[in-house]
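In: Sequence below, structure please.
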Amino acid sequence: MKQFFFSAFLFIGYYSSGQLTITVFPPEAKLCYGMDITFQAQIIAAPDSGTVSFQWLKNGALLTDSTRAYLIFKKVTFSDTGIYKCVGTNGILSDTSNPAHLQIFPKLIIDTLYRFNDLGCPRDCKGQFKTQISGGNLPYHYNWGGGYSLDTVHDTLHLGLCPGYHTLIVKDSDYTHCIARDYYVDVLKLPKITITKVPKDTVYLTHPTLKLSFPDSSKKYLTNWQWNFGDSAKFSNINPASHDYSKTGRFIITLGFTDQNGCDTTITDSILVKLVDLVIPNVFTPNGDGFNDTFQMKEKAASGFKTIDLLEVYLSDALVVFDRWGRKVYEKNNYRSGDWNGDHLSDGVYYYLFKGHGPYNDEVYKGAVTILRGH
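Out: Purely as a prediction, here's the structure:
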């Protein structure tokens, strides 16, 4: 019994490491003229090592530009009819796949194919197309790839087509002739409207105003529009539009408009409203080396410390600095981070009072900062 299992194990191991088997799917395809198809070579069994490369044959002749595991046909014609095989090899072992037979039905003729109605709006499925077919045996069977027909048998006029590419497939009564043709349902072009946000990414609750606008040159393409700031604020037919937020969060902002063709469109964006997490340094080194030379206030962020404009964070602010005897050595209203460079003050410890003014409350920071030039 032990000998039997050992022999079976050796046989299975030899099979997995010593054979290469290639199979092509589908093994047979009969298509309408103009359809697409892909033949796929699959490795059923392969050696343990070595990369398998592929080469396709048509009617026994080498296809020099077909060296992948798949063979793609776009819009087949009668010249594509044939027997296809794939040869796989790892440099040592090789295998030739089963034959895959590609056939093309006799061709119907599309005499006309055109849009029957005016262009519609981009989101509307109102395209209408009309066709005229000849050849084969009546009546024809139509597959438009979408939409609907009022007459399911004689549906040469097709309605309700959505924008984009579609494929029309027509077969005759006994399915001995057919044709496939791509067609495109075009639509009216929308005006290109761009939204400008001030500030761009973040609104602070201590300076909660967001200003939205689009270029004045775009107004001529619009009949009306509405701004939606994502809370309860909506403004119609004004540009620019401003709004003060009263709570934190991420808000979806939209611009909905109707253009001169009567098409409705909505552009979506977002804005983050938050409280600032202000970080004030306890030392700076105004020695002219370009690093930490000024009194820089920053925001604590997930990626570290972010440089900010304090006049975007607060409606207004004020910074006052005292020496250790209580004498005022620096003062500035509407302080911008980095404005104070220590002037000609000597090294030592100084005390600051920073007040940021907001619409709902003021934020006050007190602390000590050391000037250290290192010389």
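
In: tell me which element the residue nearest to residue 38 when sequence neighbours are not counted is part of?
Out: Take residue 38 and drop its neighbours on the chain: the residue closest to it by Cβ to Cβ, 6 or more residues apart in numbering is residue 72, 5.0 Å away. Glycine gets a C-beta too; all of them are placed from N, C-alpha and C. Using DSSP states H and E, residue 72 sits within strand 70-73.

In: if we can go back for a sec, would you agree the residue nearest to residue 38 is in contact with residue 40?
Out: No - if you go by Cβ atoms under 8 Å, residue 72 and residue 40 don't touch, sitting 9.8 Å apart.

In: The two: who's more crowded?
Out: residue 40 (15 against 11; other Cβ atoms under 10 Å).

In: show me what contacts that one?
Out: Listed by Cβ atoms under 8 Å, 6 or more residues apart in numbering, the contact partners of residue 40 are 24-25, 69-70.

In: what's the answer for residue 121, then?
Out: Applying Cβ under 8 Å, 6+ apart, the residues near residue 121 are 187-188, 261-264.

In: Could you do residue 190 as well?
Out: 122, 259, 263, 265.

In: quick one: low-confidence ranges for the chain?
Out: In the predicted model of the chain, residues 1-18, 49, 152-154, 375 satisfy pLDDT under 70.

In: show me where it has helices.
Out: With helices called from DSSP state H, the chain shows them at 2-18, 310-313.

In: in the stretch 151-300 of the chain, which spans are strands?
Out: For the stretch 151-300 of the chain, the strands defined by DSSP state E, counting those that start in this stretch occupy 157-161, 164-171, 178-185, 196-198, 202-204, 209-213, 222-228, 234-236, 241-244, 249-259, 264-274, 278-279, 283-284, 298-301.

In: for the first one, packing partners?
Out: Okay, so that is strand 157-161. Applying 3 or more Cβ pairs under 8 Å, 6 or more residues apart in numbering; DSSP states H and E, one finds that strand 157-161 makes contact with strand 127-134.

In: May I see the buried residues of the strand it packs on?
Out: Residues of strand 127-134 classed as buried: 127-129, 131, 133 (neighbour count, 16 or more other Cβ atoms under 10 Å).

In: Also stretch 366-375?
Out: Within stretch 366-375, the residues that count as buried by 16+ other Cβ under 10 Å are 369, 371-372.

In: Filter those residues down to just the ones in strands.
Out: With DSSP state E as the criterion, strands contain 369, 371 from among these.

In: from the buried residues of stretch 366-375, which single one is nearest residue 194?
Out: Using Cβ to Cβ, residue 369 is the member of the buried residues of stretch 366-375 that lies nearest residue 194, at 43.0 Å.

In: so that closest one touches residue 285, yeah?
Out: No - applying Cβ under 8 Å, one finds residue 369 not in contact with residue 285, separated by 11.2 Å.

In: can you tell me the distance between the two ends of stretch 256-265?
Out: Start and end residues of stretch 256-265 are separated by 6 Å (Cα to Cα, to the nearest Å).

In: One more: stretch 156-168?
Out: Start-to-end span of stretch 156-168 (Cα to Cα) is 11 Å.

In: Just the buried residues of that stretch, please?
Out: Buried, per 16+ other Cβ under 10 Å, within stretch 156-168: 156, 158-159, 161-163, 166-168.

In: Could you do stretch 169-183 as well?
Out: In terms of neighbour count (16+ other Cβ under 10 Å), stretch 169-183 has its buried residues at 169-172, 177-181, 183.

In: Can I get those residues in JSON lines including distance to residue 255?
Out: As requested, the buried residues of stretch 169-183 are exported to JSON lines (distance: Cβ to Cβ, whole Å):
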{"residue": "169", "distance to residue 255": "41"}
{"residue": "170", "distance to residue 255": "44"}
{"residue": "171", "distance to residue 255": "47"}
{"residue": "172", "distance to residue 255": "51"}
{"residue": "177", "distance to residue 255": "52"}
{"residue": "178", "distance to residue 255": "47"}
{"residue": "179", "distance to residue 255": "45"}
{"residue": "180", "distance to residue 255": "41"}
{"residue": "181", "distance to residue 255": "39"}
{"residue": "183", "distance to residue 255": "33"}
